[in-house]
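S.K.: The amino acid sequence is not available; the structure is as follows:
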């Protein structure tokens, strides 16, 4: 009986200490923004296209949380970005992603699926049929759908402060659909991101 009371008192004391510590932690406030630079390649899933004559881009995004727990987050992102592929095209895109992030201490893993719009400026001249049965130059500017799938790893610094900062790397696959005026369904692209996440507007 005495042992039971002693254990109960110790557990109550431990819970009070944990509660007091959590009360001292300032609430996380502000809008999470991300910035990443990425290497772009027109390819199926592979890292080979990033190594030779790399093409670069930048992406800026905002995160919205449907669930924000200490160990996990359900997320929607809103992103705008640009890349330049020196031998093929330049792309300006706007997309949204839905994803899940799981934390183990400061480390985390995440995965996302997204959809967006991709505006392209082609570097190579292409041609299309005209009404007379001949060929005429096609427009260099195109608007395409941009479905995407990505996964990444990261680390969150200052996780017990009001303004944690994260660094991350992410591998992304996205498609240009349709490709070549619809004669080919999709053209696969890949991007390897390195970026950071911080809270602004606090």
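M.R.: Cool, the structure landed. A quick note: this is a predicted structure, and the numbers were derived from the prediction, not measured.
S.K.: And the strands in this protein?
M.R.: 31-41, 55-68, 72-85, 89-104, 107-122, 127-129, 135-137, 141-145, 148-157, 165-176, 187-200 (DSSP state E).
S.K.: and these, which one is worst for confidence?
M.R.: Among the strands of the chain, strand 127-129 carries the lowest mean pLDDT, a mean of 57.
S.K.: how about the strands of the chain in JSON lines, adding mean neighbour count?
M.R.: Where you see a C-beta, it was placed from the backbone N, CA and C, and this is true even at glycine. Below are the strands of the chain laid out as JSON lines (neighbours: other Cβ atoms under 10 Å):
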{"stretch": "strand 31-41", "mean neighbour count": "19"}
{"stretch": "strand 55-68", "mean neighbour count": "15"}
{"stretch": "strand 72-85", "mean neighbour count": "17"}
{"stretch": "strand 89-104", "mean neighbour count": "17"}
{"stretch": "strand 107-122", "mean neighbour count": "16"}
{"stretch": "strand 127-129", "mean neighbour count": "11"}
{"stretch": "strand 135-137", "mean neighbour count": "10"}
{"stretch": "strand 141-145", "mean neighbour count": "14"}
{"stretch": "strand 148-157", "mean neighbour count": "16"}
{"stretch": "strand 165-176", "mean neighbour count": "18"}
{"stretch": "strand 187-200", "mean neighbour count": "18"}
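S.K.: how much space is there between the residue nearest to residue 168 when sequence neighbours are not counted and residue 141?
M.R.: Nearest residue to residue 168 in three dimensions, chain neighbours excluded: residue 154, at 3.1 Å (Cβ to Cβ, 6 or more residues apart in numbering). As judged by Cβ to Cβ, to the nearest Å, residue 154 and residue 141 stand 35 Å apart.
S.K.: same deal with residue 41?
M.R.: Where residue 141 is concerned, residue 41 sits at a distance of 22 Å (Cβ to Cβ).
S.K.: who touches residue 52 in this structure?
M.R.: By Cβ atoms under 8 Å, 6 or more residues apart in numbering, the contact set of residue 52 is empty.
S.K.: Kindly report the same for residue 102.
M.R.: With Cβ under 8 Å, 6+ apart, residue 102 has these contacts: 71-72, 108-110.
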